[in-house]
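1. Fold the following for me, if possible:
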Amino acid sequence: MASFAGDAKKAEAAKPYPLQTCLVSGEKLGEMGKPFIYTHEGREVRFCCKNCLKDFKKDPAKYLKKLDEAEKAAKK
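-> Reported below is the predicted structural model:
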């Protein structure tokens, strides 16, 4: 149970997702149903569907770079 409680805390502390689109496909979130939410290294990532997670996992650095740029733009 202790490890489960730790996992829950990690999910609660995840950095919020700044985009209204899928990080992989660029589709507007919610158009294909409920977005798939994934936490990667303490960051919340949202996809239009679970299939996009497979592409994300192939090259997370590529997609996280997009996320970093979106966060910088939101701060301006």
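2. Now do the strands in the protein.
-> Taking DSSP state E, the strands of the chain run over residues 36-40, 43-47.
3. So which of those is nearest P18?
-> strand 43-47 (9.4 Å; C-beta to C-beta). All C-beta atoms are positioned from the backbone trio N, CA, C, and that covers glycine.
4. by how many degrees do the closest one and strand 36-40 diverge?
-> 150 degrees (axes from the mean of the first three to the mean of the last three C-alpha atoms, to 10 degrees).
5. list the helices and strands strand 43-47 packs on?
-> Under the contact definition 3 or more C-beta pairs under 8 Å, 6 or more residues apart in numbering; DSSP states H and E, strand 43-47 sits against strand 36-40, helix 51-58, helix 60-75.
6. returning to that earlier point: I'd like the strands of the chain as CSV, with distance to Q20 and mean pLDDT appended.
-> Shown next, in CSV, are the strands of the chain (distance: least, C-beta to C-beta, whole Å; pLDDT from 0 to 100):
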stretch, distance to Q20, mean pLDDT
strand 36-40, 14, 95
strand 43-47, 9, 95
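7. ok, L53 to K76 distance?
-> Relative to K76, L53 is positioned 29 Å away (criterion: C-beta to C-beta, to the nearest Å).
8. whoops, I mixed them up, F56
-> 26 Å.
9. The residue nearest the centre of the chain: what's it in contact with?
-> When C-alpha atoms, centre = their mean is applied to the chain, the residue found nearest the centroid is V45 (0.3 Å). By C-beta atoms under 8 Å, 6 or more residues apart in numbering, the contact set of V45 is Y17, L23, I37, Y38, T39, F56, Y63, L67.
10. didn't the first one look like it was pressed against T39?
-> No - in this structure, Y17 is not within contact of T39 by C-beta atoms under 8 Å, at 10.0 Å.
11. So for those two, which sits in the more crowded spot?
-> Y17 (19 against 16; other C-beta atoms under 10 Å).
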